[in-house]
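> would you be able to build a 3D model of this:
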Amino acid sequence: MYTWKSYYIIQADYQHWANEVLFTVLEHLQPEYIASDQGLFFQSIHHTADHILLVSQAWLARMQGDNLAPNYREIAHPDWRELQKAMRMETRKLQSWLEAQPDDWFDQQISFTGSDGKIRTMWVRDMLAHLFTHYAHHRGQISAVATRLGAPCPEMDFVYYRREMEKVLAQVRNGQNP
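Residues are numbered from 1 along each chain as shown. Down below sits the predicted model:
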C-alpha cells in the first residue's frame, strides 16, 4: 500500500540521488567557479548548496520540535568536499528519521517558530513538500549555472531516478551486483 510515509521516504531518497547527480556534474568545473559569484541569490554554487543544507537542517529540527536558526548569509561549511559530505549525511539522516515515524505522523500539523520569529502551524506533508521543492529549486539554479559554465547538463528529473531504481531492483532480483 502506498502511503504518505512511503511517498516521502522515496522523495528523501530522490533528493540524495539528485544531489549526487549534481555533484558529479560539478566535478567538470574549475574549483574557482564553485566559489565565485555566479549571479545566484546566494551568489556562488557553494553558498547555494550550503543554503540547501542549512534549510534542510532547519526544517528537520522544526519537525522534531526543535528550533534551529541558521545564518543563511554566511557559508557554514567553507570546505566544498566537507559540504558535499554533510549534504549526503543530512539527506540520509532525514530519510532515516522519516522511516522511523509512524504512518499517522504524516497526517499531523506541527507548530514551530518561523524565521520571522512568529509561531506557524503547517501540515507535515506541506512541510516536506516545501523542503523537497526547495531542494529542486536551488539544484535547478545550480544546474543552469553549471551548464552555462560548460559542465554537462545533469538529468536530475524524478523520472530518471525512478528508471535507475527500477534498473537496480531488476539487477538485484536477477542476482546481479548493481
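
> okay, buried residues for the helix or strand that contains residue 20 please.
Here residue 20 sits within helix 4-26, counting by DSSP states H and E. Within helix 4-26, the residues that count as buried by 16 or more other Cβ atoms under 10 Å are 4-5, 8-23, 25-26. For every residue, glycine as well, the C-beta is placed using N, CA and C.

> pLDDT of the top helix by length along the chain, averaged?
What stands out as the longest helix in the chain, according to DSSP state H, is helix 124-148. Averaging pLDDT along helix 124-148 yields 97.

> now for it, which elements pack on it?
For helix 124-148, the packing partners by 3 or more Cβ pairs under 8 Å, 6 or more residues apart in numbering; DSSP states H and E come out as helix 4-26, helix 45-63, strand 109-113.

> switch to 10 Å and redo it
helix 4-26, helix 31-35, helix 45-63, helix 80-100, strand 109-113, strand 119-123 (3 or more Cβ pairs under 10 Å, 6 or more residues apart in numbering; DSSP states H and E).

> grab the nearest non-local neighbour of residue 141.
residue 40 (5.5 Å; Cβ to Cβ, 6 or more residues apart in numbering).

> make that residue 84, sorry
Leaving aside its chain neighbours, residue 84 sits nearest to residue 23 (5.6 Å; criterion: Cβ to Cβ, 6+ apart).

> show me what contacts the one you found?
49, 80-81, 83-84, 87-88, 154 (Cβ atoms under 10 Å, 6 or more residues apart in numbering).

> same check, this time on residue 127
Applying Cβ under 10 Å, 6+ apart to residue 127 gives the contacts 8, 59-60, 62-63, 109-110, 112, 120.

> surely residue 15 meets residue 139?
Yes: counting by Cβ atoms under 10 Å, residue 15 does reach residue 139; the two are 8.8 Å apart.
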